[in-house]
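> sequence and predicted structure below; questions after.
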Amino acid sequence: MGRVAIVTGGTRGIGKAISIGLKRAGYQPAATYQGNDEAAKAFNAETGIRVYKFDVADYDHCVAAVKRIAGEMGPVDVLVNNAGITRDATLHKMSPGQWKEVIDTNLTSCFNMCRCVIESMRERGFGRIVNIGSINGQAGQYGQVNYAAAKSGIHGFTKALAQEGAAKGITVNAIAPGYINTDMVRAVPAPVLEKIVAKIPVGRLGEAEEIARTVLFLVADEAGFVTGSTVSVNGGQHMY
Ligand code: NDP
């Protein structure tokens with residue numbers, strides 16, 4: 001049986017492509033989601049991949065869900081922290097609720113989920129963790145201090161945990177996607193999106209499968225020397 005891989009937010013968008021890519025590559029993925037039962041049901045019918053509903057921002061929910069997944073599928077070897085949201089507003093109009101929701105869902109979730117799998121990975125001497133950051137965590141973005149702070153935090157989190165896991169066979173890497181053609185980006189008003197695409201050197205949005213491909217590279221057994229890195233997949237929009 002292939003390695004067990006949890007993909008948070010794995011039923012839609014980028015996460016869906018990651019779950020499908022992992023299954024095709026021989027892994028046993030578990031795709032998690034928060035509330036869109038319809039999308040999760042359709043995803044499960046289409047792919048046969050198990051789905052688990054819980055809030056990644058809630059530590060106790062994560063503990064219970066990871067225990068259930070490990071009980072049903074086996075110990076977790078691969079964790080992809082992909083679930084994320086936006087609640088955009090300029091700072092002078094942003095509510096504490098908008099700030100907290102994004103930090104909890106996009107950043108605290110990484111602590112919650114990693115904390116639930118790390119002891120078992122350390123005991124077994126193997127683990128692959130990939131955190132999905134963002135170009136906007138690297139470069140900042142108008143109207144997104146909450147999102148940019150959370151995603152930027154992911155990049156620091158990744159480097160620190162990579163150091164802790166290195167001697168135990170656990171790699172921890174991040175991917176910083178540019179603008180990818182998913183519901184999240186399709187929600188951006190068309191004139192704004194046109195301006196964004198005009199700034200992408202390859203001249204188009206990315207596809208979710210292009211992020212999935214990067215995840216597959218990072219989680220491979222053979223990728224044990226790649227850790228603490230952030231891989232930018234952004235069509236050349238931001239280079240540093
Ligand atoms: P989508 O909005 O298409 O999908 C988000 C997924 O995350 C859904 O499965 C959703 O569940 C799940 N989710 C959201 N909140 C929670 C929560 N609290 N608990 C559990 N699951 C949750 O997002 P994308 O595919 O566009 O984005 C995926 C990741 O990539 C995010 O972290 C995003 O920030 C990042 N990213 C995206 C970019 C893009 O251009 N699309 C660019 C850079 C980074 P449900 O279906 O139940 O709502």
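Received, thanks.

> is the ligand within reach of the longest strand along the chain?
Under DSSP state E, the strand in the chain containing the largest number of residues is strand 170-177. Yes. Residues of strand 170-177 are located near the ligand by C-beta under 6 Å from any ligand atom, namely P177. Just so you know, the C-beta spots here come from the backbone N, C-alpha and C atoms, and that holds for glycine as well.

> for that strand, what is the distance to the chain centroid?
Between the centre of strand 170-177 and the centre of its chain there are 9 Å (C-alpha atoms, centre = their mean, to the nearest Å).

> I'd like the next helix or strand past that strand.
helix 183-186 (DSSP states H and E).

> briefly note if that next one comes near the ligand.
Yes. For a cut-off given as C-beta under 6 Å from any ligand atom, helix 183-186 has contacts with the ligand, namely D183, M184, V185.

> can you give me the helices for the chain?
Here the chain has its helices, by DSSP state H, at 13-24, 37-47, 59-73, 96-103, 109-124, 135-139, 145-165, 183-186, 190-198, 208-219.

> and these, which is most packed in?
Mean neighbours per residue, mean count of other C-beta atoms under 10 Å, is largest over these for helix 13-24, with a mean of 24.

> now do it against strand 170-177, angle only.
Using axes from the mean of the first three to the mean of the last three C-alpha atoms, to 10 degrees, the inter-axis angle of helix 13-24 relative to strand 170-177 is 130 degrees.

> ok, and the helix or strand in the chain with the lowest average confidence?
Taking mean pLDDT, DSSP states H and E as the measure, the helix or strand of the chain with the lowest value is helix 183-186, at a mean of 86.

> sheet partners, orientation included, of the longest strand of the chain?
Sheet pairing for strand 170-177, assigned by DSSP bridges, gives strand 127-132 (parallel), strand 230-233 (parallel).

> quick one: furthest residue from the center of the protein?
What lies farthest from the middle of the chain is H92; by C-alpha atoms, centre = their mean that is 28.5 Å.
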